[in-house]
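S.K.: this one's sequence-less:
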């Protein structure tokens, strides 16, 4: 079993998203009709995967839940407009993937949170080096998991998202590029840089130095 | 332990030490009641705002670049077609840049009349009727006292002269054909094809001689006018009418014709032309004393040279 996509309780994301895409238009129409059952169905299908993405980018479970909740509520709010742009039976409806839409929203929200946290941290705590001891303390709490988290957290936010989407979530490059709203070539370049930075950090750690 | 730079960006192979380290990161499960919290938040969520009535701004921002891109594309295709000669092959004339600039820079010619004393009719010999296909008489404002203005005047005169030469050649051919037709209708002997060809060649040779003489006179006149302009003097219509030393004297009837007002002169010329055409009409009876075309070449002089009879002279 691949540890990158661990099945969680209530996680039905193991269902191939292409199969789910055919009914996404109908699900969206029910959402537009303010049907709570449709939202519950989407939560059951997508929430666990979205939470994995948010958690691996943020590193905080409760904050990741907030992000997923915000993304689901945005879908609830935008459902009428989305349904109008994807009417049932149209070509646009057949290409609709609510999972991809939610992944894009969650990724953008997580990147926004990372940037905001960086601004708040640097703005309120001028003593920058204080962040290192806190990270070390977190690493000491769970050495193996903390090491992985430190490697990911050391990456810039978009590189971090590229690794999370392609390595952990095993998304194709095209789907990951769409989630980051990039063209494929630019995303592949970003992914190469992310992997290289990850390897450099890992090698530095193995040699006992700081990345 | 370092890797080449190009390998650092490769995919992370499963089972590698780095992959094992990354896979050790476990994700906690969603908290209990997450779905219920989301559903409750959705239930209390305020309704979305109605859509704006005005046209969304994104439509304007998307239409504008598309229109510009379309116009640029059409312009590029048209330029490429004009440059490669496709339009000319399709029968669409494409003027050159110099032609377009000349049309823009050249003022439109006003109607042929003398508007004031300060204006100069530069059409050269105004006594002669205009050729059918010429651009018409030209008027330049102010005195002609620069080289550029003189060149323009001479260019227009040359254009009128060429038109008259072509009209004379057409008239000569028309008269010859009419004479042959009259002889054919009267049953008189006709020249053989060789004789007719020789006759036409002789007419063309004489026209070429006249053209050469005229060009020689014009070159001499041009040199004189250029000297005058170089001295800072203005060129007047008399400079174009004044004969050169050695030129044959101007007949009295032509001098009187030149001195007439333009309207009267034009009316008189038109009446002469109408009489001549009536005389050359095919329905007219052939003169009894007409010789053979081979021995008497038709008159190929300009129309203004025909009314040499005293009764055709304009009244004083």
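M.R.: Ah, there it is. Here the structure is a predicted model, which means the values were calculated and not measured. Numbering: from 1, shown residues only, chains lettered A, B, ... in the order given.

S.K.: For the closest residue to chain A within the stretch 1-150 of chain B, give me the backbone phi and psi.
M.R.: The nearest approach of the stretch 1-150 of chain B to chain A comes at residue B:9, 3.2 Å away (C-beta to the nearest C-beta). From N, CA and C alone the C-beta is placed, and that goes for glycine too. Phi and psi for residue B:9, reported as degrees, to the nearest 10, are phi -90, psi 0.

S.K.: who touches it in this structure?
M.R.: Neighbouring residues of residue B:9 by C-beta atoms under 8 Å, 6 or more residues apart in numbering or on different chains: A:191-193, A:195-196.

S.K.: Name the helix or strand for the residue most central in space within chain A, please.
M.R.: By C-alpha atoms, centre = their mean, the mean C-alpha position of chain A lies nearest to residue A:53, the distance being 3.1 Å. Per DSSP states H and E: residue A:53 is located in helix A:36-58.

S.K.: from the chain's centre, how far out does that helix sit?
M.R.: Its chain's C-alpha centre lies 10 Å from the corresponding centre of helix A:36-58 when counted by C-alpha atoms, centre = their mean, to the nearest Å.

S.K.: Then stretch A:43-63?
M.R.: Distance, stretch centre to chain centre, for stretch A:43-63: 7 Å (C-alpha atoms, centre = their mean).

S.K.: Is chain B within reach of it?
M.R.: Yes. Using C-beta under 8 Å from any C-beta of the partner chain, stretch A:43-63 reaches chain B at A:43-44, A:47-48, A:51-52, A:55-56, A:61-62.

S.K.: Among those, name the buried ones.
M.R.: A:43, A:47-48, A:51-52, A:55-56, A:61 (16 or more other C-beta atoms under 10 Å in any protein chain shown).

S.K.: Give me the contact list for stretch A:66-80.
M.R.: The contact list for stretch A:66-80 (C-beta under 8 Å, 6+ apart) reads A:28, A:31-32, A:39, A:42-43, A:46-47, A:50-51, A:54, A:58, A:82, A:98, A:101-102, A:105-106, A:109-110, A:113, B:30, B:34, B:37-38, B:41-42, B:45, B:48.

S.K.: what sits against residue A:114?
M.R.: Applying C-beta under 8 Å, 6+ apart, the residues near residue A:114 are A:57-58, A:157, A:160.

S.K.: Could I have the PyMOL command that selects the buried members from the contacts of stretch A:66-80?
M.R.: In PyMOL syntax, the buried subset of those is picked out as below (16+ other C-beta under 10 Å):
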select buried, (chain A and resi 28+31+32+39+42+43+46+47+50+51+54+58+82+98+101+102+105+106+109+110+113) or (chain B and resi 30+34+38+42)
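
S.K.: hang on, the earlier thing: which one of the contacts of residue B:9 is nearest residue A:169?
M.R.: Closest approach to residue A:169 among those (C-beta to C-beta): residue A:191, at 13.0 Å.

S.K.: Measure how buried that closest one is and give me the count.
M.R.: 21 (other C-beta atoms under 10 Å in any protein chain shown).

S.K.: Relative to residue B:10, how far out is residue B:200?
M.R.: 91 Å (C-beta to C-beta, to the nearest Å).

S.K.: Equivalent analysis for residue B:66, please.
M.R.: Residue B:66 sits 41 Å away from residue B:10, going by C-beta to C-beta.

S.K.: ditto for residue A:81
M.R.: Applying C-beta to C-beta to residue A:81 and residue B:10 gives a distance of 42 Å.

S.K.: Flag every residue of chain B that's near chain A.
M.R.: Neighbours of chain A within chain B, by C-beta under 8 Å from any C-beta: B:1-3, B:5, B:8-12, B:14, B:17-18, B:21-31, B:34-35, B:37-39, B:41-43, B:45, B:48, B:51.

S.K.: Need the buried ones from the residues you listed selected in ChimeraX.
M.R.: To isolate the buried members of the residues of chain B next to chain A in ChimeraX, using 16+ other C-beta under 10 Å:
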select /B:8,9,12,18,21,22,23,24,25,27,30,34,35,38,39,42
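
S.K.: residue ranges for the helices of chain A, please.
M.R.: Secondary structure of chain A (DSSP state H): helices at A:17-21, A:24-32, A:36-58, A:61-85, A:91-94, A:98-124, A:131-141, A:143-153, A:157-163, A:173-179, A:184-206.

S.K.: can you pull the buried residues of the fourth one?
M.R.: The neighbour-count check on helix A:61-85 (16+ other C-beta under 10 Å) flags A:61, A:63-65, A:67-72, A:75-80, A:82-83 as buried.

S.K.: What's the mean pLDDT across that helix?
M.R.: Throughout helix A:61-85, pLDDT has a mean value of 92.

S.K.: Tell me the buried residues in stretch B:149-166?
M.R.: Buried residues in stretch B:149-166 (16+ other C-beta under 10 Å): B:149-150, B:152-154, B:156-157, B:159-161, B:163-165.

S.K.: Which of those residues sits closest to chain A?
M.R.: When those are compared for distance to chain A (C-beta to the nearest C-beta), residue B:152 wins out at 61.0 Å.
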